[in-house]
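Undergrad: Got a predicted structure plus its sequence, pasted below:
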Amino acid sequence: MSNIQVTSRISARIFCAALLTSLGLFGCGGETPGDVSVTIQASQAPPTVSATSPGNGTTGVALNSSVSAAFSTTMASTTLNAAGFSLRPTAGGAAAIGSISISGNTATFTPSTSLTANTQYTATISGSVTDTLGNALAADYNWQFTTGAALDTTPPTVSATSPANNATGITLNASVSATFSETMTNATLNAASFTLRRTAGGAAVTGAVTVSGNTATFTPGASLNATTQYTATITTAATDGAGNALAANYNWQFTTGAAPDTTPPTVSAIVPTNNATGITLNASVSATFSEAMANATLNTSSFTLKPSAGGPAVTGTVNVSGNTATFTPSSGLAGSTRYTATIGAGVTDAAGNALGSSYVWQFTTGAAPDTTPPTVSTTSPANNATGITLNTSVSATFSEAMTNSTLNTASFTLEVYRGASVTGTVQVSGNTATFTPTASLAGNTRYRARITTAAMDAAGNALAARYTWYFTTGAAPDTTPPTVISTSPTIGGTGVAHNSSLSATFSEAMNNATLNTANFTLRRATPGNPLVGGTVNVSGNTATFTPTASLAANQQYIATITTAVTDAAGNALTANYTWNFTTALAAPSGTAVLTWDPVTSANLSGYRVYYGTTSGAYIQVRGAGLNVGNALTYTITGLTSGTRYYFAVTAIDTSNNESAFSSEVFKNIP
């Protein structure tokens, strides 16, 4: 509220009398009436803060900012001091040190040093500050703001160049670019700070510098010289957005290639092929060239598609990947229609050589669009299959080509039946989509796989209904190492026949390929003796080592099965398994004479004699077809003295079948 001036017209005599009376005096002089102007100073309302900078709640405030407050009236500058205008971190701490200046109705606090980054500050105008009439602020005025990140003081660097340093074979119309580690001050990247010149010396190459993002590109005004090394330089005049300059000039070299290419390009392949028929209505049309092209020359003006019988050109887009340009129609082609595709003569290769003449080919589309929904023809695992391995993938093969993008983890799912979903990925190959779980499945668990109606064929037809199938996994993998549960000869066995084989029986089915002469070995216990030669055969859970020659007499042998031996699940023995045995003394050959009671029968044709060193496991057969009659004895020679043998005799009928078996007997050969 401003000063109020009240003017009153009163008699000079009355005013004088009243004044003198108040002073205890008398006499006012002349009696001439007159007018006098009286100014009355009225009291003023308290001042207020009308605006602040930064505003309350502002974020990202620069660290070198000043803080100001605008008042509703002129303030007494003496009250706007460090006590009346303060700034401190909101979370606590010392007040910021600075100076206060006043301009008009605005007071500004300027910190002596930069503010702290990413910090909320509270600015306070004390209730003690007054205006020029002495009216104080009604109460303390507070507001907050938050500073931005710390000032960038790191010099920029060149992170990549094109061409790369020491690159060779660079085309003569190449541009030269440098990519920086951060956003640059674009105005500092110009023909003075970004130069190109021949390394061997000479004037700088004329050209223009443009900036896109963090990359500055120098485009020469004319083609470079062939087979020449050039040096590109970015000087320290280039600065980043914060004004930091490169730490030092950055230089790199490259060498141009041979003289310009003057060979016109050719079309080396087309899709569809010329005069192809039955082309799908959503097909794209592409042409592959003999060399890299000037992509800008391949567009909907130079690459066109029209009905051969006449009519407007097909609308679409042209994209280039590598040496291939593809025309993609905006909508499906007409069915059973012949089309003409044309590549204009004006398209050029990267060196500017034109095609020379238009390239034209034709093809015919197939019948009307496919409107038949696809179906799932097979699944793996099959529906209700059991014993499925835990690392299996789940796949569905469709009746036709699908839109691969519609087969994903949203449309192809796997879950525990009435349980949690399984995470995984979906891949498509041909007409088959495969869901591969991220981790192995649980053992002995029923799973449900689903393909939803979001899955569509190449024509956009969805499955008519959701397809569901089930399967059950097998048991969890075997992780138990196998063990040797018995051996022959037994551990520490003695008197072992010289022609014995060795065997080891395991606790479970083994990987037979791991049971061989490298992993199942035999050697004499005496140091320095080589391995015994032999062969290894496997029957059931038993591996047998058969020596190539008879073992030495009265010698201790050590048999070893190594940890390279694994069970069918790949679990190895936890440690090498070894055992020893000792062979029998050498002795002269012994003889055994067998006698038996004759068996009278018209069906008998003879007898057969069996013998061996192990009960039920005979190592030889003798006497096949011994005559029936009075031959009730049989002499076996060549036996080892001091060895226990088992003997048995069978009767053979006229069909050469063993019709009777004598009791097994044993005998020690003297």
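TA: Perfect, I can see it now. Numbering: from 1, shown residues only.
Undergrad: phi, psi of residue 269?
TA: phi -160, psi 150 (degrees, to the nearest 10).
Undergrad: who are the neighbours in contact with it?
TA: 287-288 (Cβ atoms under 8 Å, 6 or more residues apart in numbering). Bear in mind the C-beta positions are built from the backbone N, C-alpha and C, glycine included.
Undergrad: what are the bridge partners for it, then?
TA: Beta bridges link residue 269 to residue 288 when assigned by DSSP bridges.
Undergrad: For the residue nearest the centre of the chain, give me the pLDDT.
TA: Nearest residue to the geometric centre of the chain (Cα atoms, centre = their mean): residue 425, 12.0 Å. On pLDDT, residue 425 comes in at 98.
Undergrad: quick check, it in a strand?
TA: Yes. Assessed with DSSP: H, G, I helix; E, B strand; the rest coil, residue 425 lies in a strand.
Undergrad: which residues does the residue nearest to it when sequence neighbours are not counted contact?
TA: Nearest residue to residue 425, sequence neighbours excluded (Cβ to Cβ, 6 or more residues apart in numbering): residue 436, at 5.4 Å. With contacts defined as Cβ under 8 Å, 6+ apart, residue 436 is in contact with 393, 424-427.
Undergrad: Let me see the domain layout of this protein.
TA: Domain assignment of the chain by automatic domain parsing yields the ranges 49-147, 158-256, 267-365, 376-473, 484-583, 589-668.
Undergrad: what's the span of the fifth one, first residue to last?
TA: If I follow you right, that is domain 484-583. 22 Å (Cα to Cα, to the nearest Å).
Undergrad: Same check on stretch 70-84?
TA: Stretch 70-84 has an end-to-end distance of 14 Å (Cα to Cα).
Undergrad: Now stretch 571-584: buried residues?
TA: In terms of neighbour count (16 or more other Cβ atoms under 10 Å), stretch 571-584 has its buried residues at 571, 573, 577, 579, 581-584.
Undergrad: Repeat that for stretch 498-509.
TA: 498, 500-504, 506.
Undergrad: Can I get that stretch in PDB? Just the C-alpha atoms.
TA: These are the backbone C-alpha positions of stretch 498-509, laid out as PDB (Å, rounded to 0.1, in the frame of the first residue of the first chain):
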ATOM      1  CA  HIS A 498      46.700-119.900 -15.900                       C
ATOM      2  CA  ASN A 499      44.100-119.700 -18.600                       C
ATOM      3  CA  SER A 500      41.500-117.900 -16.400                       C
ATOM      4  CA  SER A 501      39.600-114.800 -17.600                       C
ATOM      5  CA  LEU A 502      38.900-111.900 -15.200                       C
ATOM      6  CA  SER A 503      35.500-110.400 -14.600                       C
ATOM      7  CA  ALA A 504      33.900-107.600 -12.700                       C
ATOM      8  CA  THR A 505      30.200-107.200 -12.000                       C
ATOM      9  CA  PHE A 506      28.800-103.700 -11.500                       C
ATOM     10  CA  SER A 507      25.900-102.400  -9.400                       C
ATOM     11  CA  GLU A 508      24.000-101.200 -12.500                       C
ATOM     12  CA  ALA A 509      24.000-101.100 -16.300                       C
END
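Undergrad: returning to that earlier point: which ones are touching the residue nearest to the centre of the chain?
TA: Per Cβ under 8 Å, 6+ apart, neighbours of residue 425: 409, 435-436, 438.
Undergrad: Next one: the closest residue to residue 272 other than its chain neighbours relative to residue 281, how far apart?
TA: With Cβ to Cβ, 6+ apart as the criterion, residue 272 has its nearest non-adjacent residue at 4.1 Å, and that residue is residue 363. Residue 363 sits 12 Å away from residue 281, going by Cβ to Cβ, to the nearest Å.
Undergrad: now do residue 362
TA: Per Cβ to Cβ, residue 362 is found 16 Å from residue 281.
Undergrad: who's more crowded, these two?
TA: residue 281 (19 against 14; other Cβ atoms under 10 Å).
Undergrad: how about the nearest residue to the more buried one once chain neighbours are set aside, what does it touch?
TA: Closest residue to residue 281 apart from its sequence neighbours, by Cβ to Cβ, 6+ apart: residue 332 at 4.1 Å. Residue 332 makes contact with 281-282, 369, according to Cβ under 8 Å, 6+ apart.
Undergrad: Switch the residues you listed over to TSV; also include secondary structure and distance to residue 518.
TA: Below are these laid out as TSV (DSSP: H, G, I helix; E, B strand; the rest coil; distance: Cβ to Cβ, whole Å):
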residue	secondary structure	distance to residue 518
281	coil	64
282	coil	60
369	coil	65
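Undergrad: Adding distance to residue 327, write these out as JSON lines.
TA: What follows is those, written out as JSON lines (distance: Cβ to Cβ, whole Å):
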{"residue": "281", "distance to residue 327": "15"}
{"residue": "282", "distance to residue 327": "13"}
{"residue": "369", "distance to residue 327": "20"}
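Undergrad: burial measure for residue 371, as a count.
TA: Other residues close to residue 371 by other Cβ under 10 Å number 9.
Undergrad: which residues sit in contact with it?
TA: Contacts of residue 371 (Cβ under 8 Å, 6+ apart): 459, 461.
Undergrad: On the three-state scheme, it is what?
TA: Reduced to three states by three-state DSSP, residue 371 is coil.
Undergrad: Make 35 the first number, not 1, from now on.
TA: Yep, numbering from 35; the last one is residue 405 now.
Undergrad: Got the confidence number for it?
TA: 88.
Undergrad: For residue 362, give the beta-bridge partners.
TA: Going by DSSP bridges, residue 362 forms beta bridges with residue 351.
Undergrad: my guess is it meets residue 320, correct?
TA: No. The criterion here is Cβ atoms under 8 Å, and residue 362 misses it with residue 320 at 9.1 Å.
Undergrad: hang on, the earlier thing: over to the residue nearest to residue 315. Which of the three states is it?
TA: Assigned with three-state DSSP, residue 366 falls in the coil class.
Undergrad: Relative to residue 488, how far out is it?
TA: Noted for residue 366: a distance of 21 Å to residue 488, by Cβ to Cβ.
Undergrad: that older thread, hang on, the residue nearest to residue 459 in a helix?
TA: No. If the criterion is three-state DSSP, then residue 470 is strand and not within a helix.
Undergrad: returning to that earlier point: looking at residue 362 and residue 320, which one has more neighbours?
TA: The neighbour comparison of residue 362 against residue 320 (other Cβ under 10 Å) goes to residue 320, with 20 against 15.
Undergrad: ok, that one - contacts?
TA: Residues counted as contacts of residue 320 (Cβ under 8 Å, 6+ apart) are 304-305, 358-361.
Undergrad: Residue 669 too?
TA: Counted by Cβ under 8 Å, 6+ apart, residue 669 has contacts 625-628.
Undergrad: Could you dump the residues you listed into CSV with secondary structure, pLDDT and neighbour count added?
TA: Shown next, in CSV, are those (DSSP: H, G, I helix; E, B strand; the rest coil; pLDDT from 0 to 100; neighbours: other Cβ atoms under 10 Å):
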residue, secondary structure, pLDDT, neighbour count
625, strand, 72, 13
626, strand, 70, 18
627, strand, 71, 10
628, strand, 70, 20
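Undergrad: quick check, nearest of the contacts of residue 470 to residue 331?
TA: Lowest distance from residue 331 to these (Cβ to Cβ) belongs to residue 461, with 37.5 Å.
Undergrad: neighbours around residue 260, how many?
TA: Neighbours of residue 260 using other Cβ under 10 Å come to 13.
Undergrad: ok, it touching residue 208?
TA: No. The criterion here is Cβ under 8 Å, and residue 260 misses it with residue 208 at 11.9 Å.
Undergrad: who touches both of these two?
TA: Here residue 260 and residue 208 share the contacting residues residue 290, scored by Cβ under 8 Å, 6+ apart.
Undergrad: how near is residue 277 to residue 247?
TA: Using Cβ to Cβ, one gets 19 Å for the distance from residue 277 to residue 247.
Undergrad: What are the contacting residues of stretch 367-375?
TA: By Cβ under 8 Å, 6+ apart, stretch 367-375 touches 304, 313, 315-317, 319, 321, 337-343, 348, 361, 394-403.
Undergrad: Endpoint to endpoint, it covers what distance?
TA: With Cα to Cα as the measure, stretch 367-375 spans 13 Å from end to end.
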